[in-house]
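# Output the structure for:
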Amino acid sequence: MKITDQDLARVSDLLSLAKLHGAEVQVSLSFPLHPVEETPALADPVQATVKTALWALNRLLAAPGQPNRDLVRRWLFTRGWIKGNEEPESWDLSKVPVTKEELKMIVAQVRQFEADAKTPAHP
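Numbers count the residues shown, from 1 in each chain. Sure, this is the predicted structure:
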């Protein structure tokens, strides 16, 4: 049985009426007023694989022989996701995008990195 706010208002009215007439009333509830909803278990986060990294590098045009390889290598190095002597394929898998939306964010960040590199620094 589910007790709603409207039910509680009626019970309150009945208790007030009983008190007005001097009646003694006891109420005992042995069930929760609101059903306990189980929180769904969180799904394990999707982990990137080497295949996922290659997918991302291809979309970024940074696979071997592609035009953005050096740009993406510098971007990954700047973020600390590869070491100075590593290639983009060594991308830290915990940082590799696993969805198209995440990849879109990476593409935007790489484009901003490229734009910032072309902008002269102000003295």
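# Phe113 is in contact with Asn68, correct?
No. Contact criterion C-beta atoms under 8 Å: Asn68 and Phe113 do not qualify, at 10.8 Å. Backbone N, C-alpha and C define where each C-beta goes, glycine included.
# So in this protein, where's the weakest helix or strand by average pLDDT?
Ranked by mean pLDDT, DSSP states H and E, the weakest helix or strand in the chain is helix 5-20, scoring a mean of 68.
# Can you give me the domain boundaries for this protein?
1-37, 50-118 (automatic domain parsing).
# rank these by pLDDT, which is bottom?
Here the domains of the chain differ in mean pLDDT, and the lowest is domain 1-37 at a mean of 65.
# Show me what the helix or strand containing Ala117 is packed up against.
Ala117 belongs to helix 100-118 when elements are defined using DSSP states H and E. On a contact count with 3 or more C-beta pairs under 8 Å, 6 or more residues apart in numbering; DSSP states H and E, helix 100-118 meets helix 50-59, helix 69-79.
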